[in-house]
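Trainee: this one's structure only:
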């Protein structure tokens, strides 16, 4: 009797899983399968789907960009422009942060903190600790994509946001 109850429970569970899987696959296929014209379609004849989307025919040249389209030459060919770029002043919970980025030879050669968080003595200590670390990391990575300085999250966020705005001006 226990065996029959156990087997019945197993078969019921497997049945629910299979039905749920098929229903989920059919629903997902209905929402994601598209033809070349962009309208959703589904087979509807068998109740099961293969899970892959296909397109019928080939797209017309006017409906999709060609692979030979070249990117704008002005920003990629010239690269970053040399000069001094002042980043935006970023407001943090402990004061504003703003930096100036110096670009020479197409590389970041210096980052100067123009303003650091200054709301209270502890904030000033944290900024003085974090600024040289952040400067070195930006110079090493040649970008604003560096790790946070532990214990200086607000200063780091403001500093790196200001650096990124300066780099955007320079064409990085």
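Mentor: That came in fine, so what should we check first? Keep in mind the model is a prediction, meaning the values are calculated, not measured.

Trainee: tell me the contacts of the residue found closest to residue 83 once you drop the neighbours it is linked to in the chain?
Mentor: With sequence-adjacent residues excluded and distances taken as C-beta to C-beta, 6 or more residues apart in numbering, residue 83 is closest to residue 103, at 6.0 Å. Placement of C-beta: from N, CA and C, glycine included. Taking C-beta atoms under 8 Å, 6 or more residues apart in numbering, we find residue 103 in contact with 80-85, 109, 170, 172.

Trainee: Bridged to residue 103, which residues?
Mentor: Beta-bridge pairing for residue 103 (DSSP bridges): residue 83, residue 108.

Trainee: switch to numbering from 224
Mentor: Sure, I'll start numbering at 224, so the last one becomes residue 326.

Trainee: Which residue comes closest to residue 392 once chain neighbours are left out?
Mentor: Nearest non-adjacent residue to residue 392 (C-beta to C-beta, 6+ apart): residue 308, at 4.5 Å.

Trainee: now do residue 339
Mentor: Per C-beta to C-beta, 6+ apart, closest to residue 339 is residue 350, 3.7 Å.

Trainee: and the one you found, how many neighbours?
Mentor: By other C-beta atoms under 10 Å, 25 other residues sit near residue 350.
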